[in-house]
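Engineer: quick one: sequence plus predicted model below, questions after.
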Amino acid sequence: MPGSPVIKGITTIRWGTSNPNAVVVANSINTAIVKKIMYKRLGGAPTLIEDNNGFTACLVGIKDGDELQVTCVDDTAIVWPDQYDIASFKVPGQANAKNFCVIDDGMDLERKREGERSLTVNYFTNNIF
């Protein structure tokens, strides 16, 4: 049939989570409705190690942990963690939960729209907390 769309390429996409327990494990907030999850690794660009002639001899990549930004519907029935509290989260795609330090627990409130909580949490490789 002329003009019919042809679907090409990848046919499977990763959808946002519909199950908050897949990410949020902490008891006080495990009933939160998760709207968005952003994940990034901590560590940055590789460090250059030079030889005695000033040329780069090797690159050293440092894995320093994980950072999650979890945006949830702001529910007044939930006791949200305070800054520097410890809460358990699962990194999407990983099996086990880790204890993350809450860096920020910002609120986003707007007229005629549901409120949001945007939690920024970090996990450090040496588990310093």
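Structural biologist: Alright, I've got the coordinates.

Engineer: please save the CA atoms from stretch 90-97 in PDB.
Structural biologist: Taking Å, rounded to 0.1, in the frame of the first residue of the first chain, the C-alpha atoms of stretch 90-97 are listed here in PDB:
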ATOM      1  CA  LYS A  90      18.400   0.900  43.300                       C
ATOM      2  CA  VAL A  91      20.200   2.100  40.300                       C
ATOM      3  CA  PRO A  92      18.100   1.200  37.200                       C
ATOM      4  CA  GLY A  93      19.400  -2.000  35.800                       C
ATOM      5  CA  GLN A  94      21.300  -3.100  39.000                       C
ATOM      6  CA  ALA A  95      19.900  -5.800  41.200                       C
ATOM      7  CA  ASN A  96      20.900  -4.600  44.700                       C
ATOM      8  CA  ALA A  97      19.900  -1.500  46.600                       C
END
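
Engineer: buried residues in that stretch?
Structural biologist: 90, 91 (16 or more other CB atoms under 10 Å). In this view, the C-beta of every residue, glycine as well, is placed from N, C-alpha and C.

Engineer: quick check: mean pLDDT of it?
Structural biologist: Taken as a whole, stretch 90-97 has an average pLDDT of 79.

Engineer: any stretches of this protein with poor pLDDT?
Structural biologist: Along the chain, the parts satisfying pLDDT under 70 run over 1-23, 25-27, 128-129.

Engineer: strands of that one, start to end?
Structural biologist: Along the chain, counting by DSSP state E, strands occupy 34-42, 47-50, 56-60, 65-73, 86-90, 97-110, 113-124.

Engineer: out of those strands, nearest to residue 28?
Structural biologist: Within the strands of the chain, the stretch nearest residue 28 is strand 86-90; the backing value is 7.8 Å (CB to CB).

Engineer: which other helices and strands contact that closest one?
Structural biologist: Packing partners of strand 86-90 (3 or more CB pairs under 8 Å, 6 or more residues apart in numbering; DSSP states H and E): strand 97-110, strand 113-124.

Engineer: at 10 Å what do you get?
Structural biologist: strand 65-73, strand 97-110, strand 113-124 (3 or more CB pairs under 10 Å, 6 or more residues apart in numbering; DSSP states H and E).

Engineer: tilt between that strand and strand 34-42?
Structural biologist: Per axes from the mean of the first three to the mean of the last three CA atoms, to 10 degrees, the angle that strand 86-90 makes with strand 34-42 is 90 degrees.

Engineer: this completes my enquiry, with thanks.
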